[in-house]
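when you get a sec, could you give me coordinates for this:
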Amino acid sequence: QVPMVDSGGGLVQPGGSLRLSCAAPGRTSTSYAIAWFRQAPGGERTFVAGINWSGEDTYYADAVKGRFTISRGSTKNTAFLQMNGLKPEDTAIYYCTTNMRAGIVSESVADFGSWGQGTQVTVSS
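Here you go, the predicted model:
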C-alpha cells in the first residue's frame, strides 16, 4: 500500500481556521475516495469527512457539518480539509486515508488503509 502524506495542523484559538492537506505522491491512479479521520487522546479513531474520486460527492460527520469542507485538488491525488469555526473538542490528531474505492461506502476504520502519519490539531485559547 502506498502511504498518504498529511500536513497542515497546528495550534489555533477557538473560532479559528486551519486547512489540512493530503497527498498521495506514489499513486498513478486518481480513481479513489479520500477521507479524514481524527483521534483524540484516549479516544478511538473516528470518521470526519470523505470525498469520492471525482470530488462530486462529500460526506461529513454530524459534529463537523457546516464547519468543515473537504475538497480535491486539481490533480485529484490531493485533497484538503478546510476547518472553520474550530472548537476545543476538535483537538485531535487528524489522519488522511483512502479506501481504494471510487466512493465512500463505509465510515468504519476497517474499510480504510494507506494512512498518513497524522497531523496534530490543537484548539485552545
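
how about residue 117: what's its closest non-neighbour residue?
Counting by CB to CB, 6 or more residues apart in numbering, residue 6 is the residue found nearest to residue 117 once chain neighbours are left out, at 6.8 Å. (Each C-beta comes from the backbone N, C-alpha and C, glycine too.)

return the set of residues that bridge with the one you found.
Beta-bridge pairing of residue 6, defined through DSSP bridges, involves residue 22.

would you mind measuring from residue 12 to residue 56?
30 Å (CB to CB, to the nearest Å).

and these two? Which one has more around it.
More neighbours sit around residue 12 than around the other of residue 12 and residue 56, counting by other CB atoms under 10 Å; the figures are 18 against 9.

surely the more buried one touches residue 19?
No: applying CB atoms under 8 Å, one finds residue 12 not in contact with residue 19, separated by 10.8 Å.

per-residue confidence at residue 18?
The predicted local confidence for residue 18 comes out at a pLDDT of 98.

I meant to write residue 21 there.
Each residue has a pLDDT score; the one for residue 21 is 97.

now do the contacts for it.
Residue 21 makes contact with 6-8, 78-80, according to CB atoms under 8 Å, 6 or more residues apart in numbering.

I'd say the residue nearest to residue 117 and residue 121 touch.
No: counting by CB under 8 Å, residue 6 does not reach residue 121; the two are 10.8 Å apart.
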